[in-house]
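Participant: Compute the structure for the input listed below.
(chains A and B)
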Amino acid sequence: MQACELTITEASSLLENGSLSAVELTKSCLNRISLLDSSLHAFITIDEEGALQQAEASDARRKKGLHSKLNGIPFSIKDLLATKGMRTTCGSKILQNFIPPYNATVIELLQSQGAVILGKTTMDEFAMGSTSETCAFGIPKNPWKKGYVAGGSSGGSAVSVAACEALASLGSDTGGSIRQPASLCGVVGMKPSYGRVSRFGLTAYASSLDQIGPFCRSVEDCALVTQAISGYDEKDSTSVKRVVPEYSKSLVEGLSGVTVGIPKEYFSDAIDKDVSRIVQEGVAVLKDRGAKIIDVSLPHTPYCVAVYYIIAPSEASSNLARYDGVHFGYRSKDCQNLLEMYRKTRSDGFGSEVKRRILIGTYALSSGYYDAYYKKASQVRTLIVEDFKKAFEKCDVIASPVTPTAAWPLGKNVEDPLAVYLTDILTLSANLAGIPGVSVPGGFTQEGLPVGIQLQAAHFCEQKLFHVGFNLEKGLALQKRSLDV
Amino acid sequence: MKISRTEVEKTAILARLHLSEEELQQITGQLDSILQYIEKLNEIDTSTVLPTTHVLAIHNALREDTERSSLDLSEVLRNAPEHDGSLFKVPKII
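Facilitator: Here you go, the predicted model:
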């Protein structure tokens, strides 16, 4: 076994007892990247020199007494989190040369605990997509089956962790962009509650929905990284002043006293047979470990795609107005006046999915249409929030599939955006309600593709997800399989 | 049709985008099917439902107006497409 294949928990104990150094561990990841990334395309930017310098500093800090479990752990970072001095493109031509003059708060938090940043990962342009195929700088590939999508929008982050190029990654989730690629790539991926993690330095897509979260190879690692990035930040006025529980205390075996709800609306005919079987097997494991299983109802689930594809593009149309070729980023040449410069810059700089969402949002917010679209969607959003409130009066955690199917072939549906939007149906509600959700590996399809199981909990109840997720992982005890790389 | 080609053209101007003939045609069709799908929301009576603008009861986050250091000017201007001294440069407006 190579060092890059370790979990954070395993690596940190070896780093602590001196049998592994941060430099050795980082080199192991960099070797893996140089071996695999030309075919996997998990990375847009690889900072080999910077990573080794950080690793040396981590080793030195450990000698001086920094014993954080993240000290010396190599991370990859989705390319929409600001990294000071390291190019941050958001997967878009419009930011192809953008070098942030500051760090996102989550980056500051990771680095203060000694984590090593290896580089920045491929993603759908401005996080708009479900397959990472809209990335302007390479498309990440599913490491389990050649020619298959990695999922998205944080596809590169999921691939880098699944293929052991990094021990963990940070991504962002606006409608499933962490949980879905985690499911499709067979790793643990969590979207924390809205307000739990500072979003300062996260490039805004849809501000009432966006959240930063980790990708890891175990639930224990996921709890560790979530702990490290959680908490109030005065630089993000939507982060919440609230004590963060000690998540490691939730990692206990046995589920007596825990009620798991199964929402019937998440098990429609559209769910693939293998996916359905894997989720049922997972639920059986939870029952076996003492959980009480009950039926719950989230009746407005069929409307979440329509709600999301009004609210998210509306917010995006406003957030992306800043890319105008004036202060930073790409500017088209030879423009005679300001209006022409704006229009040409944005048309040349943005890809088609981003343009489509800006247009939907601009239209939905325009005079005469606001009530019919944005207001209507915001009202139905209230009903979705209430569905979850009622369900969580009866259960601690909701278990379901993450996506209707496992990964699909690259290039499918690229001409039919609505068909892709509909695959997000099981993940969007958590963002609309602001609640936490996690995808935990549940098994493999007949074709050998991984399938995750989604667990959702009430606002600020991440600890319940770690408790149930930990038991799911232990109970399933999935055998290690070889990647198709 | 939920949305016409003319409406898409008008929206593109509002969004400061310029669409080629081909894009205009393709996007009009795609937007139309998306907006038709969104019609689904009208199945629900929301006459007595308040809209959600924020999932948390967060109010304005205020702080004391104290002097703080700001970003280094050269760092900030490094990303500008064009600048002149300490100013951002843009094409002629008037």
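Participant: Could you use CA atoms for every contact and neighbour count after this?
Facilitator: Noted.
Participant: what's the following helix or strand after the one helix or strand in chain B whose mean pLDDT sits lowest?
Facilitator: Scoring the helices and strands of chain B by mean pLDDT, DSSP states H and E places helix B:73-77 at the bottom, with a mean of 90. Using DSSP states H and E, the helix or strand that follows helix B:73-77 in sequence is strand B:83-84.
Participant: so what pLDDT did the residue of chain A most remote from its centre get?
Facilitator: Most distant from the centre of chain A: A:Gln336, at 41.5 Å, with distances by Cα atoms, centre = their mean. The per-residue pLDDT reported for A:Gln336 equals 90.
Participant: Kindly report the same for B:Thr53.
Facilitator: As predicted, B:Thr53 sits at a pLDDT of 83.
Participant: Check which helix or strand residue 35 maps to.
Facilitator: I went with chain A, as the question did not name one. If you go by DSSP H and E, A:Leu35 is part of helix A:22-40.
Participant: Actually, chain B is the one I wanted.
Facilitator: Using DSSP H and E, B:Leu35 falls within helix B:21-38.
Participant: Are the least confident helix or strand of chain B and chain A in contact anywhere?
Facilitator: Yes. Helix B:73-77 lies within reach of chain A by Cα under 8 Å from any Cα of the partner chain, at B:75-77.
Participant: buried residues in that helix?
Facilitator: Buried residues in helix B:73-77, counted by 16 or more other Cα atoms under 10 Å in any protein chain shown: B:76-77.
Participant: got it, and stretch B:5-17?
Facilitator: Neighbour-count burial for stretch B:5-17 flags B:5, B:8-9, B:11-13, B:15-17 (criterion: 16+ other Cα under 10 Å).
Participant: Cross the residues you listed against strands and list the overlap.
Facilitator: Members of the buried residues of stretch B:5-17 lying in strands (criterion: DSSP state E): none.
Participant: which of those residues are close to chain A?
Facilitator: B:8, B:11-13, B:15-17.
Participant: returning to that earlier point: ok, the next helix or strand after the helix holding A:Leu35: who's next to it in the sheet?
Facilitator: Counting by DSSP H and E, the next helix or strand C-terminal to helix A:22-40 is strand A:43-46. Using DSSP bridges, the strands paired with strand A:43-46 are strand A:116-121 (antiparallel).
Participant: Next, the angle from whatever helix or strand comes next after the strand it pairs with to strand A:116-121.
Facilitator: Once the chain leaves strand A:116-121, the next helix or strand it forms, by DSSP H and E, is helix A:155-162. Relative orientation of helix A:155-162 versus strand A:116-121 (axes from the mean of the first three to the mean of the last three Cα atoms, to 10 degrees): 140 degrees.
Participant: what comes into contact with helix A:155-162?
Facilitator: The contact list for helix A:155-162 (Cα atoms under 8 Å, 6 or more residues apart in numbering or on different chains) reads A:40-43, A:76-78, A:121-124, A:131-132, A:140-143, A:150, A:166-171, A:178, A:181-182, A:185-187, A:215-217.
Participant: quick one: that helix to helix A:22-40, angle?
Facilitator: Per the same axes, to 10 degrees, the angle that helix A:155-162 makes with helix A:22-40 is 130 degrees.
Participant: Can I get helix A:155-162 in PDB? Just the C-alpha atoms.
Facilitator: This file holds the C-alpha atoms of helix A:155-162, laid out as PDB (Å, rounded to 0.1, in the frame of the first residue of the first chain):
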ATOM      1  CA  GLY A 155     -16.100  16.300 -10.300                       C
ATOM      2  CA  GLY A 156     -12.400  16.800 -10.000                       C
ATOM      3  CA  SER A 157     -12.500  16.900  -6.200                       C
ATOM      4  CA  ALA A 158     -14.300  13.600  -6.100                       C
ATOM      5  CA  VAL A 159     -12.000  12.000  -8.700                       C
ATOM      6  CA  SER A 160      -8.800  13.200  -6.900                       C
ATOM      7  CA  VAL A 161     -10.000  11.500  -3.600                       C
ATOM      8  CA  ALA A 162     -11.300   8.300  -5.200                       C
END
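Participant: related to what we said a few turns ago, just the ones of the ones next to chain A among the buried residues of stretch B:5-17 in helices?
Facilitator: Judged by DSSP state H, the subset of those located in helices is B:8, B:11-13.
Participant: got a pLDDT number for the residue nearest the centre of chain B?
Facilitator: Among the residues of chain B, the one closest to the centroid is B:Ala15, at 7.0 Å (Cα atoms, centre = their mean). As predicted, B:Ala15 sits at a pLDDT of 98.
Participant: In this structure it contacts A:Arg357, no?
Facilitator: No. Counting by Cα atoms under 8 Å, B:Ala15 sits too far from A:Arg357 to count as a contact (10.6 Å).
Participant: what sits in contact with each of these two?
Facilitator: Common contacts of B:Ala15 and A:Arg357 (Cα under 8 Å, 6+ apart): A:Ser317.
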